[in-house]
Structures are given as structure tokens and as C-alpha cells.
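>>> quick one, fold the following:
(one chain, ligands or ions: 1)
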Amino acid sequence: MSRFRKKPVIIEAVQWREHGDHPDVGYFRRPDVSGESICSECGCRFHTHGWIDTLEDGHRVCPGDWIITGIKGEKYPCKPDIFEATYEPVPEYVAKDPVAIAGQPQEDLGGRRIVDSVTTYGAYEPPI
Ligand SMILES: [Zn+2]
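Next comes the predicted model:
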């Protein structure tokens, strides 16, 4: 079996805390779950939660979750601890032109270490 690692990718993300923080996060949408009941993941009442449509169906958004926009425009939530372990801010010079810079051999970048900056090995996979 061959071994692989993820290619460096740059994603966009917004940390969601309340309604209005992200245009794709709507109100919590589970008619079978009372808004007064407590979420086992974050300990907050469900009426403080959001909901995001995903490719599979939809997913609850806890306050503090990051909403990631993936490389194909897909959006999914990510727990803050996983986000912190997986992603880091992209330096300004990479964010301005990520494709051109990512395509260059590292030695052409005047010693700047872009691999460390944009690598997201083990990126979070949305739950199925
Ligand atoms: Zn929650």
C-alpha cells in the first residue's frame, strides 16, 4: 500500500458565534429536538445553535464552531479544537496569490517557507 499526504490547500473560514455571523448558517432545524434541551457537544441550549446545509443533509452548528468553505465551495462546520489543530492563518503574501505561490518550487521564493504556512495535513473531514 502506498502512502499519501494531503496537498496543501487554503480554505476560508469564519468562526460562528451567533445568528448573523455567516450567511449560510440558518436557525437550528430539528423539529424533533426542543430548543430548550442541552447539546451534548457544547452544553448550550439548542436555540443558541445554527444549522448548515451540507452535501449529506445538514449539520448543527454549535456556538464557537468554525464554518469552513472548502476548495470546491462546499461549507461545513468544524469544532474549534480540531480547527486549531489543523489550520493556521495564511500569511498575507500567500493569501494574495495562493495559486501562483503554491505552484512555485520553494527555492524560488527567496527562502520564505510557504509549506509550513499553508499545509493542512490531516484536514478535518466532515462527519457522514
Ligand atoms: Zn452544541
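>>> how about residue 83, nearest residue that isn't a chain neighbour?
In this structure, residue 83 finds its nearest non-sequential neighbour in residue 66, 4.4 Å apart by C-beta to C-beta, 6 or more residues apart in numbering. Any C-beta I mention is one placed from the backbone N, CA and C, and that applies to glycine too.
>>> now stretch 72-90: average pLDDT?
Taken as a whole, stretch 72-90 has a mean pLDDT of 92.
>>> could you pull out the buried residues of that stretch?
Within stretch 72-90, the residues scored as buried using 16 or more other C-beta atoms under 10 Å are 75, 76, 77, 78, 83, 86, 87, 90.
>>> ok, it near the ion or not?
No: judged by C-beta under 5 Å from the ion, stretch 72-90 stays clear of the ion, getting no closer than 9.6 Å.
>>> ok now that stretch, how far from the chain's centre?
What separates the centre of stretch 72-90 from the centre of its chain is 3 Å, taken as C-alpha atoms, centre = their mean, to the nearest Å.
>>> what residue lies at the spatial centre of the protein?
In the chain, the centroid-proximal residue (C-alpha atoms, centre = their mean) is residue 68; its distance is 2.9 Å.
>>> what is the mean pLDDT for the helix or strand encompassing it?
Assigned by DSSP states H and E, residue 68 belongs to strand 66-69. The average pLDDT for strand 66-69 rounds to 95.
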